[in-house]
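K.L.:
model this:
(chains A, B, C and D)
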2 protein chains.
Amino acid sequence: MSALRALASSLGLSITTVSRALDGYGDVAVATRERVRRAAEAANYRPHPAARRLRLGATETVSLVLPGDPGHFDEPLYMELLAALGTRFDAAGLDLMVLAARSPNEELALYRRLVESRRTDGIVLARTRVDDPRIRYLAESGIPFVVMGRTETRVAYAHVDGDGTAAFADATRRLIALGHREIAYVGASLEYTFSKLRRDGWAAAMRDAGLRPVHVTETAATEEGGLAAVRALLRSTPRPTALLCATDRIAIGGLRAIKEVGLTAGRDVSIVGHDNLSASAFTEPALTTMDLPIAKVGTRLAEMLLALIGGAAARGFAEVWPVAPIERASTGLAPGAGGR
Amino acid sequence: MSALRALASSLGLSITTVSRALDGYGDVAVATRERVRRAAEAANYRPHPAARRLRLGATETVSLVLPGDPGHFDEPLYMELLAALGTRFDAAGLDLMVLAARSPNEELALYRRLVESRRTDGIVLARTRVDDPRIRYLAESGIPFVVMGRTETRVAYAHVDGDGTAAFADATRRLIALGHREIAYVGASLEYTFSKLRRDGWAAAMRDAGLRPVHVTETAATEEGGLAAVRALLRSTPRPTALLCATDRIAIGGLRAIKEVGLTAGRDVSIVGHDNLSASAFTEPALTTMDLPIAKVGTRLAEMLLALIGGAAARGFAEVWPVAPIERASTGLAPGAGGR
DNA sequence: CCGCAGAACAAAAACGTTTTGGGAAACGCC
DNA sequence: GGCGTTTCCCAAAACGTTTTTGTTCTGCGG
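P.N.:
Numbers count the residues shown, from 1 in each chain, chains lettered A, B, ... in the order given. I've put the predicted structure just below:
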């Protein structure tokens, strides 16, 4: 016998009344409502989720797809994002489901399957590309979704992102103030929006200062990628005296490249990252970086998605948050720039 | 009209036949089955999950709770585990749901809610403690669950773990062979099984070599924790010449402590970690560490859980995998040990 | 005293599947 | 030709809720 039915008959009531009492409807006497509530509490009653979902036509579930970029998804940031999303959604009574794409090309198909199978009320999407077919598809499908990051599109989509452009422009200006002139940008593939935006910030600040933004490298957003890219950069002439890296992982690889050629980071070559990984405070020298409060971003994204599921329009939800600079020892005066 | 009903009527069949055709039952003519399959394909039909789950009495969902240890859960390992679990469960048609505990004390309550609300067919549990109430509860509740790691209990529970004891014993022996005598263990809290087991391996190898395992430190499994712990150790007399750290994050903090006092890791002090984080290959010097293939562990755990859900008994599922040593530059001959 | 409104509860439908228990037609066998 | 067996299909029940649509009182105004 269904749990609800058992509860009802034990109380001598109909399941209708019990259900409505638990949902706090007004058409059940206060005394009865309380009696039902206590009994439900005592019996530890919970409505059967599948039954509820079937009846309601809602899945009470939101989903996130881990990008299928082998070796790239392991960024600690995702963990923090997941945790924040999880707690917020849980508080709202929604389940958070995670899928993993096996490869980048499989990703779109996964999203497609997700919405077609009607297993989810909403989707959280991250690691955006400048031209992002996933976002196009989701927007077209009409399913509520929120995005961590940005993309280039004319349709409105709910998102939160760090202001990488401003942050990298600021960082560039700070380096210029320290006397640097040859400042390189070491980015991830520019098809990723975050990488492109950060490059734009760097390039704009360079031009504003009358400098030419010549050194641009695209590489994998890993330590290995950073190592290879910076190795190459340090062989170019004129040799950059400062390196603006799109991520901390790239910068950590860059640090090693600097050491490899006998230079000292923070003195001969300044280097800056982004993400403020926990390891970045412990590199040698400690890495200058930038910080976006991922947990807060996650919570905000969750709230946006809840609103969208509730029927709100995506149009109002577009937020670009400031990124906090974190100065550490890996940046300093340009060599030969003279005292402070 | 339900999708199934629509499909059936468009084919001039009953929903029974369509359902059975799609499930590949033998009591529907091959021709009909194919016809149905093609039509379903064309209509992009998927059974409504909630309806299916209600009827089947299965949630087709498994869950994992992110430990509510603020600042501790961000270990990249979890990401890799999640990805592996996700792909394997997805292949089996199960959804992977993640919850996040807000604090360690809230964790047990979360598991309780999880099983009581009947929202999940199985649970994956990680970050085990020597005395782990979560495992006791789950075992008692009868829900299928698998564990990454071990715990001390008399009940059988399905698990996969790295053989930290053997790995740390081996590492200790290697350090002894390099001439080290004062070898310290820098662990996480010993209430975590992994930390206790690794300490046991170290201690056993020390005693086997006639050395006294005196230097044991418990600290947070973070870079900060490692920094503080190693700082203290380097002030003790006799000063350890080698440090066996329970995790890479601890070791990364330790590296900085070594540098702080003007010593050189790999020459004056050897240091070893565990986890083989991507950053560990890029520390200065590169960190000697150990590697457990987390993705494979995840896949295996998923398979175990599938078997358990299928009715298998937990008794047979207990695996302890070897951990591969990764030699890098942070270990070397003990000072004054004389050439090889 | 009649009728009516409101309060408190209940019967039944609906959500979209899967599966049980047939049932009709075709077939093989004596 | 009758009879059991297969083969193929279907009607209906069931899963456990929520919600729609009543129904039965009670109290009250006229």
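K.L.:
Need the phi and psi values for the residue nearest the centre of chain A.
P.N.:
Per C-alpha atoms, centre = their mean, the C-alpha nearest to the average position across chain A is that of A:Met148, at 4.4 Å. Per-residue torsions, A:Met148: phi -100, psi 110 (degrees, to the nearest 10).
K.L.:
shaky segments in the stretch 51-200 of chain A?
P.N.:
Scanning the stretch 51-200 of chain A for pLDDT under 70 picks out the ranges A:70-74.
K.L.:
Could you pull out the strands in it for me?
P.N.:
A:61-66, A:95-100, A:122-125, A:145-148, A:158-162, A:183-188 (DSSP state E, counting those that start in this stretch).
K.L.:
any bit of the second one sitting next to chain B?
P.N.:
Yes: judged by C-beta under 8 Å from any C-beta of the partner chain, strand A:95-100 and chain B are in contact via A:Asp95, A:Leu96, A:Met97, A:Val98, A:Leu99, A:Ala100. Where C-beta positions appear, they are placed from N, C-alpha and C, glycine not excepted.
K.L.:
okay, the angle between that strand and strand A:61-66?
P.N.:
Strand A:95-100 runs at 20 degrees relative to strand A:61-66, counting by axes from the mean of the first three to the mean of the last three C-alpha atoms, to 10 degrees.
K.L.:
and strand A:95-100, what other elements does it pack with?
P.N.:
In terms of contacts (3 or more C-beta pairs under 8 Å, 6 or more residues apart in numbering or on different chains; DSSP states H and E), strand A:95-100 is packed against strand A:61-66, helix A:76-91, helix B:76-91, strand B:95-100.
K.L.:
What are the contacting residues of that strand?
P.N.:
A:60-66, A:68, A:82, A:85-86, A:89-90, A:110, A:114, A:119-120, B:61, B:82-87, B:90, B:95-99, B:119 (C-beta atoms under 8 Å, 6 or more residues apart in numbering or on different chains).
K.L.:
what's the burial count for the closest residue to DNA strand D within the stretch 201-340 of chain A?
P.N.:
Residue nearest to DNA strand D within the stretch 201-340 of chain A: A:Gly310 (14.5 Å; C-beta to the nearest atom of the strand). Residues contacting A:Gly310 under the criterion other C-beta atoms under 10 Å in any protein chain shown number 9.
K.L.:
Against B:Leu233, how distant is it?
P.N.:
55 Å (C-beta to C-beta, to the nearest Å).
K.L.:
tell me the contacts of the nearest residue to A:Thr153 once chain neighbours are set aside?
P.N.:
In space, and not counting its chain neighbours, A:Thr153 is closest to A:Ile135: 6.2 Å by C-beta to C-beta, 6 or more residues apart in numbering or on different chains. For A:Ile135, the contact set (C-beta under 8 Å, 6+ apart) comprises A:Leu125, A:Thr128, A:Phe145, A:Val147, A:Thr151, A:Thr153, A:Tyr157.
K.L.:
who in the stretch 1-150 of chain A is up against chain B?
P.N.:
Those residues of the stretch 1-150 of chain A that sit near chain B, judged by C-beta under 8 Å from any C-beta, are A:44, A:46, A:48-51, A:53-54, A:59, A:61, A:66, A:71, A:73-76, A:78-80, A:82-87, A:90, A:95-100, A:102, A:116-119.
K.L.:
For DNA strand C, tell me which of those residues show up nearby.
P.N.:
Applying C-beta under 7 Å from any atom of the strand to those, one finds that A:Ala51, A:Leu54 fall near DNA strand C.
K.L.:
Buried ones among the residues of the stretch 1-150 of chain A next to chain B?
P.N.:
Buried subset of the residues of the stretch 1-150 of chain A next to chain B (neighbour count, 16 or more other C-beta atoms under 10 Å in any protein chain shown): A:48-51, A:53-54, A:59, A:61, A:66, A:73-76, A:78-80, A:82-87, A:90, A:95-100, A:118-119.
K.L.:
quick revisit: which stretch among the strands of the stretch 51-200 of chain A approaches A:Thr32 most closely?
P.N.:
strand A:95-100 (31.4 Å; C-beta to C-beta).
K.L.:
Give the other helices and strands that the helix or strand containing A:Lys259 contacts.
P.N.:
Here A:Lys259, judged by DSSP states H and E, is contained in helix A:248-260. Of the remaining helices and strands, those touching helix A:248-260 by 3+ C-beta pairs under 8 Å, 6+ apart are strand A:183-188, helix A:223-235, strand A:242-245, strand A:270-272.
K.L.:
how far out from the middle of the chain is that helix?
P.N.:
Here helix A:248-260 is found 24 Å from its chain centre; the criterion is C-alpha atoms, centre = their mean, to the nearest Å.
K.L.:
That helix to helix A:76-91, inter-axis angle?
P.N.:
160 degrees.
K.L.:
Just the CA atoms of helix A:248-260, as CSV, please.
P.N.:
Coordinates of each C-alpha in helix A:248-260 appear next as CSV, following Å, rounded to 0.1, in the frame of the first residue of the first chain:
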residue,chain,number,x,y,z
ASP,A,248,47.1,29.7,-13.1
ARG,A,249,47.8,26.3,-14.6
ILE,A,250,49.3,27.9,-17.6
ALA,A,251,51.3,30.2,-15.3
ILE,A,252,52.5,27.3,-13.2
GLY,A,253,53.9,25.7,-16.3
GLY,A,254,55.4,29.1,-17.3
LEU,A,255,57.2,29.4,-14.0
ARG,A,256,59.1,26.3,-14.8
ALA,A,257,60.0,27.5,-18.3
ILE,A,258,61.4,30.7,-16.7
LYS,A,259,63.5,28.7,-14.3
GLU,A,260,64.6,26.4,-17.1
